[in-house]
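[1] Structure for this input, please:
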Amino acid sequence: MAYFTLVWLLTGERKYGERARRFTLALAAWDPDGPTNFRLNCEAAKPMLHRLARAYDWAWEVFTEEERARIRAVLLRRALDAWNSGEVRQGAGHLNQPYSSHGNRTWHKLAENALATLGETSESEKLLDYAVTKFFAAYPVWSDDDGGWHEGLSYFAGYMSKAAWWMDFANSALGIDGFRKPFFAHFGDYALYAAPPGTPDLGFGDLSHRPPSAGWAFMHYYVRRTRNPHWAWWLEAWKIPAEVGEPVLEFLWGATPPVESKAPTALPASKVFHGTGIAALNSTLLSAADNVQIRFKSSPMGRWSHGLEPHNTFTLNAYGLPLLVNCVYRDLYGSPFHKGWVWGTRAHNAVLVDGHGQKPRSADLGGRILKSVFEDGMDYVAGDATDSYEGRLKRARRHIFFVKPDVIVIADELAAPQPSAFQWMLHAQAAFEVKEDQQRLLLDRGAAGVVVDYVAQRPLKLRQWTGYDPPPDAKYLASVGNSIPPQWHVEAASAEPAPRAFTLTVLRPHRRGAAPLSPVRVEWVSTGLSIRVTGAGQEEVAFTFQPDRTREFAVISRASRQWRIPAPE
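    Residues are numbered from 1 along each chain as shown. From the prediction side, this is the model:
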C-alpha cells in the first residue's frame, strides 16, 4: 500500500493512484473490534495507527470526500483506542509514568495519525500536542546522554528502527531536529563499544544473546543524519545492508548522501554510559577476533522492563568467543523460566548472600557506577550494589581492573550486618574444568579460553552444574522454531559465615593453546594483600590492595608502568 501511494505521489499516474485507493479502503474496512483491536493485540493495532495515516495523507487526492470521511473515522477510532489504552492513559497517565515499554512505541504512531488529519479531525491537535510533549519531556526514557540504553541493544534496535519515522517527519513537518538531543547525538556509541565487529553477542538486556543482524539497517538513516564516520564504519564492518526491506524508507532515506566511513583508531577503546550504569571495556574496537572485552553493569535505572540483570554483574568475551556469559534468553516474558531463573541474581556473574540475590525485577535504584579510570594500558571501573540486597549487605562494591591486553582482576568488597556466607557465581556455554585444590577454573572454548583463579582469605568451595531451574518451556520454543542452549554454572562459596569479605577473581583470557597456567602468587598482610600474576603475554603484573585505605586503594605495576587508584568516594 505504501509503495503504491508513494509512486502515485511521485508520478501522478492514475494506475498507481487507483491501486493505492483500493488497498487503503480495504485496510480501512478492517474491523477495529476484530483481531487488530488495541486492547486485544496492541502489536497488531499499532501499525493501523500510522500505515493507514500515511496512505491517507499521500494519496489524499484520489479519494472521494465520502471515502476520506470514512478513512478519517477509522483513523480516529484507532487513535482513540490507543489514547484510552493502558499504554497511553489519555496522555497524562503515560507522561506521569513514562516507563511503559510498549507505550514508548505508541506515541510517535499517534503523532503520524494526528498529522495526517490535522485540521480535519478535532482530536488531532490534542494527540499531536501529546506526542510532541512526550518527545521533549520523556523520550527516550531508557537512554542516557552518553548513548546508553537500559533495555540492551536488542531492544534499542527494536525501538530505534520504529522511531526513525518520527525523526524524519518531525523534522520535515514540524521543524523539530531530534538529533539536537544528547542521546541522539551519541546514538551509535553503545553499539560501537559493546559490540565491536565480530562480537558474538550484544551484552546486557533481554534477547541480547545474538550479534547484530540485517535488521540493524535502520541505523544507516541515523548515521546519514548525524554524519558520524565511526558508526558508518561499524555498519560497514558488520556488513549491515543499507536496504531496510521497505522501498518507501529506502527511497526517502536514500536522498541523504552516504557517509564516508572511518575506523575508530583514534577513539578510546572503552567507555562508561553513566545514566544507564554500563561500562564497556575493550582492548580494541577494531575486531572482536583481537579483542578482550569486559562489560560491567551497575545501573541507577534499576533492573526491570527488559534490563533485568543484577547490579555489579559482568560478561567476558575474548578473541571472538563468549567466555563468561549472562543469561538473557527468554521463552515468554514473565514465564516460570524467565521469572524464576533469568530475573534471579544466581543466573548471572554476580554475588549471593546466604544463597539470596538482589531484589528481582525492581525499579529501585539499586546500583551505580562509582568511579572509572581509563589510562594507557589499564582500565578501572567500580560499582556499588549495596541497596539492591535489601539489607543483607552494608557494603557491596565490585572493582574491575583490566590491565591490557589480558589480565583482569575483579575485587569484591562485602560487609554484612551479621556473619554471612557469600557465593560468587560464574557461567559459561561449556563445562569448566574445576580444580578446587588450586582454587582454579579452566574454560576451553577452542579458539579461546580463560583461566579463573580465586583469591580469598579461606579456600572457597567450588560446585558446578548445568541446566536451568525452572527450565524453559521446550514445547513452546519448539512450536516457534526456537531453542535455548545450555549453560554451565559454578558457585564459589565461602566455607564459613563471616561479617566481611575481600575476595579477588583473577581472569586470564587466552587464545588457543596459550593458557597461562602459572599460579597467582599471593601475600596477605595486615593492611590487605598483594598478588602477582602473569597473563598469556608472559608479562607479570603486580597488584597491591589496601581495602581500608581511601587515598591508595590499589596500586598496579607492570614493567616500568604503575597505576595508583584511590578508593571511590
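[2] contacts and neighbour counts: CA atoms only from here.
    Will do.
[3] Run through the strands of the stretch 151-300 of the chain in chain order.
    Taking DSSP state E, counting those that start in this stretch as the test, the strands found in the stretch 151-300 of the chain are 271-273, 278-282, 292-297.
[4] and the last one, which strands flank it?
    The strands that strand 292-297 pairs with in its sheet are strand 278-282 (antiparallel), strand 313-318 (antiparallel) (by DSSP bridges).
[5] Contacts made by that strand with the rest, please.
    194, 203, 277-284, 309-319, 369, 383, 405-406, 509 (Cα atoms under 8 Å, 6 or more residues apart in numbering).
[6] And stretch 69-80, by the same measure?
    Here stretch 69-80 has contacts from 25, 28, 32, 38, 45, 48-49, 52-53, 56, 110, 113, 117, 121, 123, using Cα under 8 Å, 6+ apart.
[7] Of these, just say which sits nearest to Pro300.
    Checking the contacts of stretch 69-80 against Pro300 by Cα to Cα gives Leu110 as the nearest, at 30.4 Å.
[8] Am I right that that closest one is in contact with Lys134?
    No: if you go by Cα atoms under 8 Å, Leu110 and Lys134 don't touch, sitting 11.2 Å apart.
[9] Select the longest helix from this protein.
    Assignment by DSSP state H gives helix 153-174 as the longest helix of the chain.
[10] tally of neighbours for Gly175?
    10 (other Cα atoms under 10 Å).
[11] and the closest residue to Met160 other than its chain neighbours, what does it touch?
    Nearest non-adjacent residue to Met160, counting by Cα to Cα, 6 or more residues apart in numbering: Phe218, 7.8 Å away. If a contact means Cα under 8 Å, 6+ apart, then Phe218 has Met160, Ser161, Ala164, Ala242, Val244 as its contacts.
[12] Out of the strands paired with strand 292-297, which is the most enclosed?
    strand 278-282 (a mean of 28; mean count of other Cα atoms under 10 Å).
[13] Mind checking the pLDDT average for that one?
    Taken as a whole, strand 278-282 has a mean pLDDT of 98.
[14] what bits of the stretch 401-550 of the chain have low per-residue confidence?
    Scanning the stretch 401-550 of the chain for pLDDT under 70 picks out no residues.
[15] And the strands in it, which stretches?
    407-420, 422-428, 433-435, 440-444, 448-455, 461-466, 488-493, 498-511, 521-525, 528-534, 540-545.
[16] separation between the most centrally placed residue in the chain and His220?
    In the chain, the residue lying closest to the centroid (Cα atoms, centre = their mean) is Gly152, at 1.4 Å. From Gly152 across to His220, the span is 19 Å (Cα to Cα, to the nearest Å).
[17] rewinding a little: export the strands of the stretch 151-300 of the chain as CSV, with columns for distance to Lys181.
    CSV is the format used below for the strands of the stretch 151-300 of the chain (distance: least, Cα to Cα, whole Å):
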stretch, distance to Lys181
strand 271-273, 16
strand 278-282, 20
strand 292-297, 24
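[18] Quick one: closest of the ones you listed to Ala237.
    strand 278-282 (17.0 Å).
[19] quick one, what contacts Glu491?
    Gln423, Trp424, Met425, Leu426, Lys461, Leu462, Arg463, Gln464.
[20] again with His427
    Leu324, Val325, Asn326, Ala347, His348, Asn349, Gln487, Trp488, His489, Val490.
[21] Can you get me a residue count around the second one?
    When you say that, I think you mean Val325. 24.
[22] can you check Ala431 too?
    Using other Cα under 10 Å, Ala431 has 20 other residues around it.
[23] Can you tell me the closest non-neighbouring residue to it?
    Nearest to Ala431 is Trp488, by Cα to Cα, 6+ apart, at 5.6 Å.
[24] Tell me which residues touch that neighbour, please.
    Residues in contact with Trp488 (Cα under 8 Å, 6+ apart) are His427, Ala428, Gln429, Ala430, Ala431, Phe432, Gln464, Trp465, Thr466, Gly467.
[25] Export those residues as a markdown table, with columns for distance to Arg225.
    What follows is the contacts of Trp488, written out as a markdown table (distance: Cα to Cα, whole Å):
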| residue | distance to Arg225 |
| --- | --- |
| His427 | 40 |
| Ala428 | 40 |
| Gln429 | 39 |
| Ala430 | 43 |
| Ala431 | 46 |
| Phe432 | 47 |
| Gln464 | 50 |
| Trp465 | 49 |
| Thr466 | 47 |
| Gly467 | 46 |
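[26] Are any of the residues you listed buried, and if so which?
    His427, Ala428, Gln429, Ala430, Ala431, Phe432, Gln464 (16 or more other Cα atoms under 10 Å).
[27] residue contacts, the fifth one?
    Read that as Ala431. Counting by Cα under 8 Å, 6+ apart, Ala431 touches Leu443, Gln487, Trp488.
[28] Could I get those residues in a markdown table, plus columns for distance to Gly535?
    Formatted as a markdown table, the contacts of Ala431 follow (distance: Cα to Cα, whole Å):
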| residue | distance to Gly535 |
| --- | --- |
| Leu443 | 15 |
| Gln487 | 26 |
| Trp488 | 24 |
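[29] Can you verify Lys110 is assigned to a helix?
    Wrong residue type there; residue 110 is Leu, not Lys. Yes: according to DSSP: H, G, I helix; E, B strand; the rest coil, Leu110 belongs to a helix.
[30] circling back: which two among the contacts of Glu491 are spaced furthest apart?
    Leu426 and Lys461 (13.4 Å).
[31] What number of residues are in the vicinity of Glu260?
    Neighbours of Glu260 under the rule other Cα under 10 Å: 12.
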